[in-house]
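K.L.:
Provide a 3D model corresponding to the input given below.
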Amino acid sequence: MDQRQQSRTMRAAKRNILFNKYEIGKILGQGNFAKVYHGRNMETNESVAIKVIKKERLKKERLVKQIKREVSVMRLVRHPHIVELKEVMATKTKIFMVVEYVKGGELFAKLTKGKMTEVAARKYFQQLISAVDFCHSRGVTHRDLKPENLLLDDNEDLKVSDFGLSSLPEQRRSDGMLLTPCGTPAYVAPEVLKKKGYDGSKADIWSCGVILYALLCGYLPFQGENVMRIYSKSFKADYAIPEWISPEAKNLISKLLVVDPEKRYSIDEIMRDPWFEIGFMRPLAFSMKASAVDDTVIDFNDDVVEDLDPKSDVGGGEFVEAARPSYNAFEIISSLSHGFDLRNLFETRKRSPSTFISKLSASAVVAKLEAVAKKLNLRITGKKEFMVRMQGVTEGRKGKVGMTVEVFEVAPEVAVVEFSKNAGDTLEYIKLCEDQVRPSLNDIVWSWQGQGSS
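P.N.:
Below you'll find the predicted structure:
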């Protein structure tokens, strides 16, 4: 190798080192707001995943509050079956979250191949309950437990991930309850959609029950052609257990998928259940090393840290070495605006929320929709009992924008409203919804699906 080539190789190696500590490798995933890279800790040779987030996009999309929450939660929960947050670092333009590298994929991938044996399902369910119990003991509720958020490591052991929607003790009301509905429709507990508040720990247990059902059956207990049908079934615990499930497993499922949260099994009762107890050994979470994530010592000095190129993508010869930091990374995060659902970081396309929950009756929501249509000069082209079709009056790229709005009263005190485009250009439809329809409905909206804050 000649001197010139050797020099180029050395420069490339230098550019692929992050803060004198991590060597950056291939990209693992990307979205509009973040990229995730494989990394290697040069001191320990340990593989890690590095989430690289552009602060400019965080400010624009108001995601900072959600990032701060996820970091705070992951600092509290260090457990063999929870993905570990190792470090948070930052420059002027980017934030870096270094997390445990879990390369076995999602538990969801196993479910796509069909049901599991009871032995395999029990193992994963035991590991899930162990992790959830540890979270609850720290005052943390996950609020979005589902197979897509359960990863598998090299040993086929489960790791709970994605704490973007989780809650901390300080987010609860004085009575200990949470109010903001969030989660994934097929897994969310019925009480989460009610306006009276809910116990996040009991809601997590319902989600665990749905996961156990899916592991054993190979499909979900509550299914429907749209989200409202799913909600309607879950509100009544309308499900059937196939005959191949053992009586002991059926009994446990029946104790988890209980509509009344007060009658639902607790974690302690789950752990005493005869089916669950078989072969169960509680992991020694306290034996894990202390967290390296400490917001009092993660500092960065603007005078000595060479920032990454803000105009280029991250990785592939764009990382630089940096001196010891002295500027607080959490102050960098705190200086930005408020945040929403962290999952938006990995959306590959901008999507307008299409479902909201209202505390009004279905008939009152329909009346409001008709008033909004008149106010915005939208023509009502069709109407049934709880369905309204509206159309714009101006011609767009693909004709006039049209939308269908369906209202479902899934419980006496809960109406779920779903929008869908039925004509016109998609971008024009999104703009109409974002700029005009959504603001006009603010007084009846309790929560848009996927946007929660407590």
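
K.L.:
helices of this structure, start to end?
P.N.:
3-15, 55-61, 64-76, 107-111, 118-137, 200-217, 227-235, 247-256, 267-271, 274-277, 329-334, 362-375, 426-432, 438-440 (DSSP state H).

K.L.:
which residues are contacting the fourth one?
P.N.:
Translated: helix 107-111. 116, 124, 146, 147, 148, 150, 151, 152, 158, 214, 215, 218 (C-beta atoms under 8 Å, 6 or more residues apart in numbering). C-beta here means a position set from N, CA and C on the backbone, and glycine is covered the same way.

K.L.:
just the closest of the residues you listed to residue 84, please.
P.N.:
residue 151 (11.6 Å; C-beta to C-beta).

K.L.:
burial count for residue 154?
P.N.:
The local packing of residue 154 (other C-beta atoms under 10 Å) involves 10 other residues.

K.L.:
that older thread, lowest-confidence entry in the contacts of helix 107-111?
P.N.:
For the contacts of helix 107-111, the model is least confident at residue 148; its pLDDT is 89.

K.L.:
leaving out sequence neighbours, find the closest residue to that one.
P.N.:
Nearest non-adjacent residue to residue 148, counting by C-beta to C-beta, 6 or more residues apart in numbering: residue 108, 4.7 Å away.

K.L.:
most tightly surrounded among the helices of the chain?
P.N.:
helix 200-217 (a mean of 25; mean count of other C-beta atoms under 10 Å).

K.L.:
chain center to that one, what's the gap?
P.N.:
16 Å (C-alpha atoms, centre = their mean, to the nearest Å).

K.L.:
check stretch 377-397 too.
P.N.:
33 Å.

K.L.:
between the contacts of helix 107-111, which is closest to residue 16?
P.N.:
residue 151 (25.6 Å).

K.L.:
wait, isn't residue 390 in contact with residue 380?
P.N.:
Yes: between residue 390 and residue 380 there is a contact under C-beta atoms under 8 Å: 5.8 Å.

K.L.:
name the residues contacting each of these two.
P.N.:
In contact with both residue 390 and residue 380: residue 373, using C-beta under 8 Å, 6+ apart.

K.L.:
neighbour-wise, which of these two wins?
P.N.:
residue 390 (24 against 13).

K.L.:
gap between the more buried one and residue 355?
P.N.:
To residue 355, residue 390 is 17 Å away according to C-beta to C-beta, to the nearest Å.

K.L.:
domains in the chain, by residue range?
P.N.:
11-102+294-346, 107-286, 355-447 (automatic domain parsing).

K.L.:
hey, least reliable of those domains by pLDDT?
P.N.:
Least confident of the domains of the chain, judged by mean pLDDT, is domain 11-102+294-346 with a mean of 65.

K.L.:
quick check: phi and psi at residue 81.
P.N.:
With angles defined as degrees, to the nearest 10, residue 81 sits at phi -110, psi 30.

K.L.:
with adjacent residues omitted, what lies nearest to it?
P.N.:
Nearest in space to residue 81, with sequence neighbours left out and distances taken as C-beta to C-beta, 6+ apart, is residue 131 at 4.0 Å.

K.L.:
do residue 392 as well
P.N.:
residue 401 (4.5 Å).

K.L.:
my read: the one you found touches residue 391, true?
P.N.:
Yes: taking contacts as C-beta under 8 Å, residue 401 lies within contact range of residue 391: 7.0 Å.

K.L.:
find residues that contact each of those two.
P.N.:
residue 423.

K.L.:
quick one: which of those two has more around it?
P.N.:
More crowded of residue 401 and residue 391, by other C-beta under 10 Å: residue 401, with 27 against 18.

K.L.:
next, give phi and psi for that one.
P.N.:
phi -70, psi 130.

K.L.:
identify the residues contacting it.
P.N.:
Per C-beta under 8 Å, 6+ apart, neighbours of residue 401: 391, 392, 421, 423, 424, 425, 428, 429, 432.

K.L.:
from residue 366, how far out is it?
P.N.:
20 Å.

K.L.:
do residue 236 as well
P.N.:
Distance from residue 236 to residue 366, by C-beta to C-beta: 23 Å.

K.L.:
ok, now residue 121?
P.N.:
In terms of C-beta to C-beta, residue 121 sits 43 Å off from residue 366.

K.L.:
one more: residue 64?
P.N.:
Residue 64 is 37 Å from residue 366, by C-beta to C-beta.

K.L.:
cool, residue 197 as well?
P.N.:
As judged by C-beta to C-beta, residue 197 and residue 366 stand 27 Å apart.

K.L.:
equivalent analysis for residue 21, please.
P.N.:
Taking C-beta to C-beta, one finds residue 21 at 58 Å from residue 366.

K.L.:
next: residue 196.
P.N.:
Residue 196 is 24 Å from residue 366, by C-beta to C-beta.

K.L.:
same check on residue 252?
P.N.:
With C-beta to C-beta as the criterion, residue 252 and residue 366 are 41 Å apart.

K.L.:
and residue 226, by the same measure?
P.N.:
17 Å.

K.L.:
how about residue 199?
P.N.:
From residue 199 to residue 366 the distance is 32 Å (C-beta to C-beta).

K.L.:
please apply the same query to residue 51.
P.N.:
43 Å.

K.L.:
where's residue 158 relative to residue 364, distance?
P.N.:
44 Å.

K.L.:
same question for residue 403.
P.N.:
20 Å.

K.L.:
same thing with residue 86?
P.N.:
Applying C-beta to C-beta to residue 86 and residue 364 gives a distance of 50 Å.

K.L.:
try residue 400
P.N.:
Taking C-beta to C-beta, one finds residue 400 at 28 Å from residue 364.

K.L.:
repeat for residue 166
P.N.:
Distance from residue 166 to residue 364, by C-beta to C-beta: 33 Å.

K.L.:
what's the answer for residue 444, then?
P.N.:
For residue 444 relative to residue 364 (C-beta to C-beta), the value is 8 Å.

K.L.:
how about residue 397?
P.N.:
35 Å.

K.L.:
check residue 417 too.
P.N.:
For residue 417 relative to residue 364 (C-beta to C-beta), the value is 11 Å.

K.L.:
pull the contacting residues for residue 214.
P.N.:
111, 147, 220, 221.
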